[in-house]
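Student: Return atomic coordinates for the entry below.
(one chain, ligands or ions: 1)
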Amino acid sequence: MEKQIIPLVYDEDMLKLHHSIYVHCDMTSNPHLAIQGVTGTGKTYLVKQILARIGLYLPTSKITVCDFKGDDSFIFLEDCDRYHRFVDCMNGFNEFYDSFIKRQTRMNTDRNLHILLFDEWGSFLNYLDKKQAEEYRKKLSIILMLGRSFNYHILLAQQRLSAEDFPKVRDNFNNIITLGNPSKEVIGMFYSDIREQIQNDRGLGTGYMLTNGTDFRKIVVPTVTNMAKVEHYIKRAVEYGT
Ligand SMILES: Nc1ncnc2c1ncn2[C@@H]1O[C@H](COP(=O)(O)OP(=O)(O)OP(=O)(O)O)[C@@H](O)[C@H]1O
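Tutor: A predicted model of the protein is given here:
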């Protein structure tokens, strides 16, 4: 499969040298991303940029949005079939999973990129009963394991990526972004080998990024000058092919 490269965030060290250099992500080799950070650290602001860049740079991409919290952040998608909020996230996730299975079983031979944004996966699992939660957890781990070959991708955003919600989270998500200052638990889970590089100096729109478990960098989230444009590219990809 061809490379599918999108710019993600700025490298803070380069920015300090006055080089606005983006850290890029090749979705083909690094298919899944996770973003964590306490409330107000800018997760949604970054998620929107990533989705818009996928829509802009990879114009045959499809996006499915499951926003369990269901506030106004994605309300501009309210007429779209691939936008789901709160309880409807069960349907949204199942539709995404079923379309993945169609590709995997060769009922569908398309190979254009399809990404699922799931906002607050952990809260969603808590909402479900134990048996249902196990079923959804299993389906997610199948996509995380097999999605790459079929161009199926996961983007998760939640306050804290915990081991109960995602076993082997560091192995499953190629890029993990932590916005704001990480807690002791987060440092223990993700940054234990490089603790000395974690300072309590992160503000709005800054954080850390870990790629493939080892490649560590400080990052800065670019400022959006035209949010309407960002939302336009997201909407185009949420509607693509429907
Ligand atoms: N890099 C940034 N530059 C400028 N403003 C930002 C940046 N990141 C976030 N903001 C602003 O900060 C506020 C909080 O951001 P956002 O809603 O993305 O946080 P969040 O982590 O998703 O919060 P929650 O978990 O409560 O949904 C918003 O008004 C957003 O526009």
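
Student: State the phi and psi torsions of Val224.
Tutor: When read as degrees, to the nearest 10, the backbone of Val224 gives phi -90, psi 130.

Student: Tell me who's in contact with it.
Tutor: Shown in contact with Val224 (CB atoms under 8 Å, 6 or more residues apart in numbering): 45, 48-49, 230. C-beta coordinates here come from the backbone N, C-alpha and C atoms, glycine included.

Student: can we see that at 7 Å?
Tutor: Contacts here follow CB atoms under 7 Å, 6 or more residues apart in numbering; on that basis Val224 touches 49, 230.

Student: Check it and give its pLDDT.
Tutor: Val224 carries a pLDDT value of 97.

Student: Check Gly92 too.
Tutor: 98.

Student: what's the answer for Gln199, then?
Tutor: 89.

Student: check which helix or strand covers it.
Tutor: Using DSSP states H and E, Gln199 sits within no helix or strand.

Student: count of neighbours near it?
Tutor: When counting by other CB atoms under 10 Å, one arrives at 8 neighbours for Gln199.

Student: What distance do you get for it to Leu8?
Tutor: Gln199 is 22 Å from Leu8, where distance means CB to CB, to the nearest Å.

Student: Figure out how far stretch 184-193 is from the centre of its chain.
Tutor: 20 Å (CA atoms, centre = their mean, to the nearest Å).

Student: next one: stretch 220-228
Tutor: 17 Å.

Student: what's the answer for stretch 109-123, then?
Tutor: That offset, for stretch 109-123, works out to 8 Å (CA atoms, centre = their mean).

Student: Contacts made by that stretch with the rest, please.
Tutor: 1, 4, 27, 47, 51, 54, 58, 60-69, 96, 99, 103, 151-158, 162, 165.

Student: hmm, stretch 204-219 in reach of the ligand?
Tutor: Yes: using CB under 6 Å from any ligand atom as the criterion, contacts between stretch 204-219 and the ligand involve 204-205.

Student: List only buried entries from the contacts of stretch 109-123.
Tutor: Among the contacts of stretch 109-123, the ones that count as buried by 16 or more other CB atoms under 10 Å are 4, 27, 47, 51, 54, 58, 61-69, 96, 99, 103, 151-158, 165.

Student: Where do the strands of this protein begin and end?
Tutor: 5-11, 22-26, 33-36, 62-67, 83-85, 114-119, 152-158, 175-179, 206-211, 215-220 (DSSP state E).

Student: who does the closest residue to Lys62 other than its chain neighbours bridge with?
Tutor: Among residues not flanking Lys62 along the chain, His114 sits closest, at 4.4 Å (CB to CB, 6 or more residues apart in numbering). Beta-bridge partners of His114, counted by DSSP bridges, are Lys62, Tyr152.

Student: What is the neighbour count of His114?
Tutor: His114, neighbours per other CB under 10 Å, totals 23.

Student: gap between it and the ligand?
Tutor: According to CB to the nearest ligand atom, to the nearest Å, His114 stands 23 Å off from the ligand.

Student: which parts of the chain sit against the ligand?
Tutor: Going by CB under 6 Å from any ligand atom, the residues of the chain near the ligand are 37, 39-45, 204-205, 221, 223.

Student: Give the ChimeraX command for selecting the buried subset of the residues you listed.
Tutor: Buried residues among these (16+ other CB under 10 Å), as a ChimeraX selection:
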select :37,41,42,43,44,45,205,221
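
Student: In contact with the residue nearest in space to the middle of the chain, which residues are there?
Tutor: Centroid-nearest residue in the chain: Leu155, 2.1 Å away (criterion: CA atoms, centre = their mean). Contacts for Leu155 (CB under 7 Å, 6+ apart) come out as 33, 47, 50, 115-117.
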